[in-house]
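> Need a 3D model of the sequence below.
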Amino acid sequence: MARRRIVAEPSKDQTEPLLVVDDLHTTFRTPSGRVRAVNGVSFELKQGRTLGIVGESGSGKSVLSRTIMGLLPSNNVEVTGSARYRGNELVGAKSSVLRSLWGSELSMIFQDPMTSLNPVMRIGKQITEVLRHHLDMSNDEAEDMAVSLLRSVKIPEPEKRVRQYPHELSGGMRQRVVIAVALACGPHLLFADEPTTALDVTVQAQILDLLDEQQRERFMSMVLVTHDLGVVAGRAHDIAVMYAGRIVEMAPTRTLFQNMRMPYTQALFESIPKLDLPSHTRLTVIPGRPPDLVNPPTGCSFAPRCERAQARCLEEQPPLMEAETPDHRYACFYPVGTPEGDEALAENRRRGYQAAGVPVMIQEKAS
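Now for the predicted structure:
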């Protein structure tokens, strides 16, 4: 019996993007009101490249991934806009169409392997059922492939592990099993949603290295979702920074770190712990809290937490504007590293606002 391919093959036309997201909106209807979790997101992703999506909890990163995958519940959710995979529209696609794509073309690694794995099913069976469904393998072929997949994600004694249950494995090993399940059918596009949550730093590095290795070997595209800019620094080709459901800055990784413009991006960068600081040094935090998406602010969503915010920021929402290069865009009227941004920062500090002083400006405006 001829097997389907299990390794993603390079697209014949490398100039065409694998995934095109255009003005995507995801709104939840709740008793408190409409929550705009994803608010007009657009980007493109070519085959073999990795896009890092970064932002605090509640910024819309996971909802964006699940919207593209078609994994949101059908009740009380409105999705508009477009997400095209190889020219095929995913938004509004029939469930039968999506099921045919899940695993074989699109796959996802979820945050918590303990909840995404079935606790009463052996590891081997959780892998083989995917192989039998998508690749039409026999039981023996699927079992051999399950062992091979566990070996490829560097799980020791894979012949033993396939007979164990999730609770018998460590957190790092469970995450490797989840990766093996996600990669089993050779998807072209992988969403990794906080794949190192609750793991210690050593295991985090091992998991991220493993994803890098698998992405290169299989020539996959990958969307790496995280709250930590440090995670995507050397692992993503491009980075999109999300805040309050919108992309507020997007650029190639090197460009973003060398020339970040959005104050929120800079705040995320400064909150990364520094190894060269003395012990017990206080971590830098972003003051305030993310906005209420049921009643978002009128202007820039980050204005109440931004040390550069001016009156214009409280009234107008900045669009994504091009920086020095077309592939670098940001949403800010007073960007970092520009004369107008430096002047706004200096003026706020003269008036005693500092980073947490913008609410004073709002009070002055209200009075």
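> which residues sit against the helix of greatest length in the chain?
Of all segments of type helix in the chain, defined using DSSP state H, the longest is helix 201-218. Helix 201-218 has contacts (C-beta atoms under 8 Å, 6 or more residues apart in numbering) with 7-8, 48, 50, 152-154, 171-172, 175-176, 179, 183, 186, 190, 192, 195-196, 199, 220, 222, 224, 231, 235. (Each C-beta comes from the backbone N, C-alpha and C, glycine too.)
> ok so residue 241 is a strand residue?
Yes. Counting by DSSP: H, G, I helix; E, B strand; the rest coil, residue 241 falls inside a strand.
> which residues sit in contact with the nearest residue to it once chain neighbours are set aside?
Distances taken as C-beta to C-beta, 6 or more residues apart in numbering put residue 249 closest to residue 241, at 4.4 Å, once the chain neighbours are dropped. Residue 249 makes contact with 239, 240, 241, 256, 260, 261, 262, 264, 265, 329, 330, 331 under the criterion C-beta under 8 Å, 6+ apart.
> Looking at those residues, which one is closest to residue 105?
Proximity of those to residue 105 was ranked by C-beta to C-beta; the top entry is residue 240 with 21.9 Å.
> just the strands in the stretch 51-200 of the chain please.
For the stretch 51-200 of the chain, the strands defined by DSSP state E, counting those that start in this stretch occupy 77-85, 88-89, 106-109, 189-193.
> The second one: how far from the chain's middle?
How far strand 88-89 lies from its chain's middle: 21 Å, per C-alpha atoms, centre = their mean, to the nearest Å.
> And the contacts of it?
Contacts of strand 88-89 (C-beta under 8 Å, 6+ apart): 82, 83.
> wait, is residue 348 part of a helix?
Yes. Counting by three-state DSSP, one finds residue 348 located in a helix.
> Pull up the gap between it and residue 271, please.
Distance, residue 348 to residue 271, by C-beta to C-beta, to the nearest Å: 20 Å.
> quick one on the thing from earlier: and of the strands of the stretch 51-200 of the chain, who's closest to residue 162?
By C-beta to C-beta (comparing all of the strands of the stretch 51-200 of the chain), the closest turns out to be strand 106-109, at 19.3 Å.
> so what secondary structure elements neighbour the closest one?
With contacts taken as 3 or more C-beta pairs under 8 Å, 6 or more residues apart in numbering; DSSP states H and E, strand 106-109 sits against helix 61-69, helix 171-183, strand 189-193.
> Mean pLDDT for these - can I get that in JSON lines?
Shown next, in JSON lines, are the helices and strands packed on strand 106-109 (pLDDT from 0 to 100):
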{"stretch": "helix 61-69", "mean pLDDT": "96"}
{"stretch": "helix 171-183", "mean pLDDT": "90"}
{"stretch": "strand 189-193", "mean pLDDT": "94"}
